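J.: the following comprises the amino acid sequence and a computationally predicted model.
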Amino acid sequence: MKEPLAYMRKAQGSWEKRILKSLNSMCTELSIPLAQKRPVSEQKELLNKWNEMGTDEPDLSLFRPVYAPKDFLEVLMNLRNPNYENGEHPSFRNHLGLIQVPLKVKDIPELKEDFSELGLNIGQLGIDDSAQVPPEFFENEHVRVGQKVLAEQDSAAAQQYVRQGCPTALRADLWALILNISNQPEDILYYEQLKSNVIQHDLLVDSLIYKDVKLTASNDDYYFVFEDYLYQVLLCFSRDTAVLEHFTYSSATPPRSYIRGKLGMEEYAVFYPPNVNYNSFILSVAPLCFLYHEPSKLYQIFREMYVRFFFRLHSISSHPSGIVSLCLLFETLLQTHLPQLFYHLREIGAQPLRISFKWMVRAFSGYLATDQLLLLWDRILGYNSLEVLAGNRTVFTKRPFCFLSQAVLADLSTLKVMPLLQIFLFATVT
Amino acid sequence: MGGGMPVLGLRPPVPQVHEIVFRNFYTAFLSVRVQRPGPPGSRRWVTCLRDYCLMPCPHTEEGSQDYFSLRRHQMLCDVDQVTAVRFILRQPSPVWLHFTIEELQIFPPGQKSPQKDFPSWLSQLTPPEQPASLHRELPDPEKVSTEVQQMWVLTEVIRARQAAARIGRFDVDGCYDINLLSYT
């Protein structure tokens, strides 16, 4: 089911149009075609340096990112239901945060029920495997159960298991089991086919991908080593028509174009890769590079994670795991449980969502330390939901807000995410 | 402003009601009453659906623009011999400006609602493929050799008639020449 609410569909359509305009104008300004076949010499060259595309330094100064996360947040802030009483005067109908649409979000008792395996009396990786806790209490048994689940190849059991976290050694296989990725010969062949599509044709979005990888991952302390992998995955992803299937349940629609001279004729319509801020894309691939080293398997895992979860962070919808609901969930929880902090932040012009939005839209990649990030993503897979991302409000209590500054709050690299989540759900006095 | 209790009345196309399909627009609860023949000569109104919940949380969007289908087995009373139907809409939350139901359709028995039509092959399980059994007897060698000969002739013909036209569907001078991205 794509999207039941008419005004959300309309907003998504307008947003997509804006992106298309931006892409089209970049295309005409720079006189670069959207798609063209590479000359044979260039194809040979690309094939030769396929494993080290990062060594290339093309001139990308004229390319600009299609949009920044703050542009997307502006659009979400301006979402209004035309049938809702959006009066100018503040009243009980207006939300105090930035999101003004009346979506249903869960409260703490409901979240406690849904995420019951994060309870205080249940062992967790990320908490109960720390150096001070003897491994006999929890860790050894948990690893043993994980090995059994893998031996049985039980996907449903694996999904249940990872709710308490994955041991590092078993994570790659467990995630592959949950996502149903087995890397059969036909999957490898499919990846090779995509690779040959990349070699043969050059797309405008390739330059955007290059630019964004250079800007983000190459400068990141953890991810710069994977730069080459990122090109190999993302360039193939932009050519993968299997991704089109997810548009049956996404509120988004892929951009289309027509072969020159055949404008409007359906049989000459082709789909162009979905355009998103490649920043977020890149940062969803990079952590996976720690787990998977074979390009075709890495590619499939990323693709499956994207069409199951991460696409919801880039499109406007009313889905409970969609970015709009996550933002509203975050704001509602913060306002309910830390009302003084929330009010103070509003008064000093630092709406909390402005800070936490970029964390959520990237699923915390690039902000948390990698081991913490992977523990968080374990729970996304285990609960089949992105709602754990909104549970970051306790971050705000960890930093005394009299010293609040963007830089301090922006540095999450020393945070331990599981204790915070557990406290927020199960140890807060309501 | 929300509040009030609009009532929609209409006559069904035939007296038997099998299914009622509609699209919600911010109605929280729906009651349905039908007019049926009562004691001889008169007609009475009977409630066949009481406060059916369309929006579990009336202040929020859940269910607000969903499609709903009500079938006769969900009704509290018999819905044959119906001369009129009334829909009573309730929305206790004051935050909505308007509320109603849209695209209302009533289907008599025998006529399926569009969404319910499944192609018959979807409901049948495909029988497992039986692999060809070679244990009984070997295939006839004459037959096999004629088939092989036919295939050989075909390959020779194709080789002789190598087409110059390329397979690329949209290749224009060796490239996918597309316009700018379309807005519609």
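T.: Thanks, I have the structure now.
J.: show me where chain B has strands.
T.: B:7-10, B:19-25, B:29-37, B:43-53, B:67-71, B:84-90, B:100-107, B:171-172, B:175-176 (DSSP state E).
J.: can you give me the strands in chain A?
T.: Going by DSSP E, chain A shows strands at A:35-37, A:201-203, A:256-258, A:269-271.
J.: name the residues of stretch A:37-49 that are buried.
T.: For stretch A:37-49, a neighbour-count test (16 or more other C-beta atoms under 10 Å in any protein chain shown) marks A:Lys37, A:Arg38, A:Gln43, A:Leu46 as buried. From N, CA and C alone the C-beta is placed, and that goes for glycine too.
J.: the third one and A:Glu227, how far apart?
T.: Applying C-beta to C-beta, to the nearest Å, the value for A:Gln43 to A:Glu227 is 22 Å.
J.: from A:Thr336, how far off is the closest residue to chain B within the stretch 301-430 of chain A?
T.: Going by C-beta to the nearest C-beta, chain B is nearest to A:Ser318 of the stretch 301-430 of chain A, at 5.8 Å. A:Ser318 is 21 Å from A:Thr336, where distance means C-beta to C-beta.
J.: have a look at these two and say which one is more surrounded.
T.: A:Ser318 (22 against 14; other C-beta atoms under 10 Å in any protein chain shown).
J.: list the contacts for that one?
T.: A:Ser318 is in contact with A:Glu3, A:Pro4, A:Leu5, A:Met8, A:Val101, A:Leu103, A:Val324, A:Ser325, B:Glu61, counting by C-beta atoms under 8 Å, 6 or more residues apart in numbering or on different chains.
J.: and the closest residue to the second one other than its chain neighbours, how many residues sit next to it?
T.: Nearest residue to A:Pro4 in three dimensions, chain neighbours excluded: B:Gln65, at 4.8 Å (C-beta to C-beta, 6 or more residues apart in numbering or on different chains). If you count neighbours by other C-beta under 10 Å, B:Gln65 ends up with 20.
J.: ok, back up a step: for the residue of the stretch 301-430 of chain A closest to chain B, give me the pLDDT.
T.: Listed pLDDT for A:Ser318 reads 94.
J.: narrow the contacts of A:Ser318 to just the buried residues.
T.: A:Glu3, A:Pro4, A:Leu5, A:Met8, A:Val101, A:Leu103, A:Val324, A:Ser325, B:Glu61.
J.: which of these sits closest to A:Gly54?
T.: Nearest to A:Gly54 among the buried ones among the contacts of A:Ser318: A:Val324, at 35.5 Å, using C-beta to C-beta.
J.: okay, now the unreliable bits of the chain?
T.: As the question left the chain open, I've gone with chain A. Counting by pLDDT under 70, the ranges of chain A that qualify are A:1, A:87-94, A:258-280, A:392-410, A:428-430.
J.: nope, chain B
T.: B:1-4, B:111-137, B:161-184.
J.: what segments of the stretch 51-200 of chain A are helices?
T.: Here the stretch 51-200 of chain A has its helices, by DSSP state H, counting those that start in this stretch, at A:69-77, A:108-114, A:139-152, A:155-161, A:168-179, A:185-200.
J.: distance to A:Gly382 and mean neighbour count for those - can I get that in TSV?
T.: Listed next are the helices of the stretch 51-200 of chain A as TSV, based on distance: least, C-beta to C-beta, whole Å; neighbours: other C-beta atoms under 10 Å in any protein chain shown:
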stretch	distance to A:Gly382	mean neighbour count
helix A:69-77	26	17
helix A:108-114	11	13
helix A:139-152	12	15
helix A:155-161	6	18
helix A:168-179	8	20
helix A:185-200	24	16
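J.: quick one, helices of chain B?
T.: Counting by DSSP state H, the segments of chain B that form helices are B:120-123, B:141-160.
J.: need those in CSV with distance to B:Arg23 and mean neighbour count, can you?
T.: Shown next, in CSV, are the helices of chain B (distance: least, C-beta to C-beta, whole Å; neighbours: other C-beta under 10 Å):
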stretch, distance to B:Arg23, mean neighbour count
helix B:120-123, 25, 7
helix B:141-160, 56, 10
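J.: make TSV out of these and add distance to A:Asn121.
T.: TSV is the format used below for the helices of chain B (distance: least, C-beta to C-beta, whole Å):
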stretch	distance to A:Asn121
helix B:120-123	46
helix B:141-160	70
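J.: out of the ones you listed, which is closest to chain A?
T.: Evaluated over the helices of chain B, closeness to chain A peaks at helix B:120-123, with 16.7 Å, by C-beta to the nearest C-beta.
J.: that older thread, columns distance to chain A on top of the helices of chain B, output as TSV?
T.: Shown next, in TSV, are these (distance: least, C-beta to the nearest C-beta, whole Å):
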stretch	distance to chain A
helix B:120-123	17
helix B:141-160	24
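J.: now the stretch 101-250 of chain A against chain B: closest residue?
T.: A:Lys104 (3.9 Å).
J.: burial count for that residue?
T.: Neighbour count of A:Lys104, defined by other C-beta under 10 Å: 19.
J.: that one reaches B:Gly63, doesn't it?
T.: No - applying C-beta atoms under 8 Å as the test, A:Lys104 and B:Gly63 come out as separate, 9.2 Å apart.
J.: overlap in contacts of these two?
T.: Contacts common to A:Lys104 and B:Gly63, judged by C-beta under 8 Å, 6+ apart, are B:Pro56.
J.: relative to chain B, how far out is A:Arg38?
T.: Using C-beta to the nearest C-beta, to the nearest Å, one gets 9 Å for the distance from A:Arg38 to chain B.
J.: can you verify my assumption that that residue contacts A:Leu46?
T.: Yes - if you go by C-beta under 8 Å, A:Arg38 and A:Leu46 touch, sitting 7.0 Å apart.
J.: now for those two: what residues contact both?
T.: A:Ile199.
J.: tell me where the longest helix sits in chain A.
T.: Secondary structure of chain A per DSSP H: the longest helix is helix A:6-30.
J.: report the buried residues of it.
T.: A:7-9, A:11-12, A:15-16, A:19-20, A:22-24, A:26.
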